[in-house]
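Participant: build me a model:
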Amino acid sequence: MPLRLPDKLPAIELLKRENIFVMDFSRAHRQDIRPLKIVVLNLMPLKLTTETDLIRLLSNSPLQLEVNFLKMKSHSPRNTPVEHMMMFYKDFEELSKTNWDGLIVTGAPVELLPFEQVDYWDELTAIFRWARTHVTSTLYICWAAQAGLYCHYGIPKYPLPEKMFGIFRQYPLQPELPIFRGFDDVFSMPQSRHTEVRREDIERVEGLDIISESPESGVGIVMARGGREFFITGHLEYAPDTLDKEYRRDLGKRDDVGLPVNYYKDNNPANKPLVTWRSHANLLYNNWINYYVYQETPYDLNNIR
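Facilitator: Residues are numbered from 1 along each chain as shown. Just a heads-up that it's a prediction; the model follows:
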């Protein structure tokens, strides 16, 4: 089933070249189907890249999804054309007038700042609180996962001695959960972060469940409120070359970034990346849409509580 996307969104043409079926709103409005309404709060600086990464995963669902993009009114991105933001992104004031089946909040390059020093923190936490009563299920990714855990549950983040950078094995701790339907006993997750949340802090909070963990990179996925909130510390949505671009961008410019581990074939950056996370990324997003959004959301979005 195709995704319904804003007319002329650049990701449409990029994904059509990958034989992914997407349609714009104009065509979709001629179909008498109640699509699942997903909103993406995109905090990443390269917004076109993140849009494409997430749409690629969402497009693998057999359900029809309508995807909208949310921007922060209190922050102006410097790496995305103003025209793109004006055409494809909406303010919270507009999107908050309705309920949504699902919300995805991306990471952001602000993790070394205390949360309260992020210039859009007040607006962001207002969105987080709103989502609890207006969205069926929310995925928080990387820094957003740390921000969500801090906002909702008071979980602190801690600086790492060096960047957690590469592909790390994860173990499902509750493999019977629908979010892990079809998963193997171990799966890979890209990580690219300078801070972490810790198991001992999460275990002190009733209602938080660590559902995947890595012996190398620590907490992987935390679930709350029966699946209405997922906090994912890594980047399953990453394209094959994303870590490579980050590595080459920072090479020689930072002293706390090394070679991404378990990423290049034979750990040699002269070789292409070895993609080991794609299938589980598709499974996780499919399972989230099917079991925690579609099967839980009311037909009338006004009934979300």
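Participant: from here on, contacts and neighbour counts on C-alpha atoms
Facilitator: Fine.
Participant: state the distance from residue 57 to residue 284.
Facilitator: Distance, residue 57 to residue 284, using C-alpha to C-alpha, to the nearest Å: 9 Å.
Participant: same check, this time on residue 78
Facilitator: Applying C-alpha to C-alpha to residue 78 and residue 284 gives a distance of 31 Å.
Participant: tell me which of those two has more neighbours.
Facilitator: residue 284 (19 against 9; other C-alpha atoms under 10 Å).
Participant: so the more buried one is in which element?
Facilitator: Residue 284 is part of helix 278-287 when elements are defined by DSSP states H and E.
Participant: for that helix, which positions count as buried?
Facilitator: The neighbour-count check on helix 278-287 (16 or more other C-alpha atoms under 10 Å) flags 278, 280, 281, 282, 283, 284, 285, 286, 287 as buried.
Participant: please enumerate the strands of the stretch 101-250 of the chain.
Facilitator: For the stretch 101-250 of the chain, applying DSSP state E, counting those that start in this stretch gives strands covering 135-141, 158-172, 187-196, 208-214, 218-224, 229-232.
Participant: tell me which of these lies nearest to residue 247.
Facilitator: Evaluated with C-alpha to C-alpha, these place strand 158-172 nearest to residue 247, the distance being 9.0 Å.
Participant: could you name the helices and strands sitting against that closest one?
Facilitator: strand 187-196, strand 208-214 (3 or more C-alpha pairs under 8 Å, 6 or more residues apart in numbering; DSSP states H and E).
Participant: averaged pLDDT, the first one. What do you get?
Facilitator: In this model, strand 187-196 carries a mean pLDDT of 97.
Participant: same thing with stretch 200-207?
Facilitator: For stretch 200-207, mean pLDDT is 97.
Participant: in PDB, could you pull the C-alpha coordinates for it?
Facilitator: Written as PDB, here are the backbone C-alpha positions of stretch 200-207 (Å, rounded to 0.1, in the frame of the first residue of the first chain):
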ATOM      1  CA  GLU A 200      20.100   1.500  36.900                       C
ATOM      2  CA  ASP A 201      18.200   4.800  36.400                       C
ATOM      3  CA  ILE A 202      15.600   3.300  34.200                       C
ATOM      4  CA  GLU A 203      15.000   0.300  36.500                       C
ATOM      5  CA  ARG A 204      14.100   2.600  39.400                       C
ATOM      6  CA  VAL A 205      11.100   4.000  37.500                       C
ATOM      7  CA  GLU A 206       7.900   1.900  37.500                       C
ATOM      8  CA  GLY A 207       6.400   1.500  34.100                       C
END
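Participant: so which bits of it are buried?
Facilitator: Buried residues in stretch 200-207, counting neighbours by 16+ other C-alpha under 10 Å, are found at residue 202.
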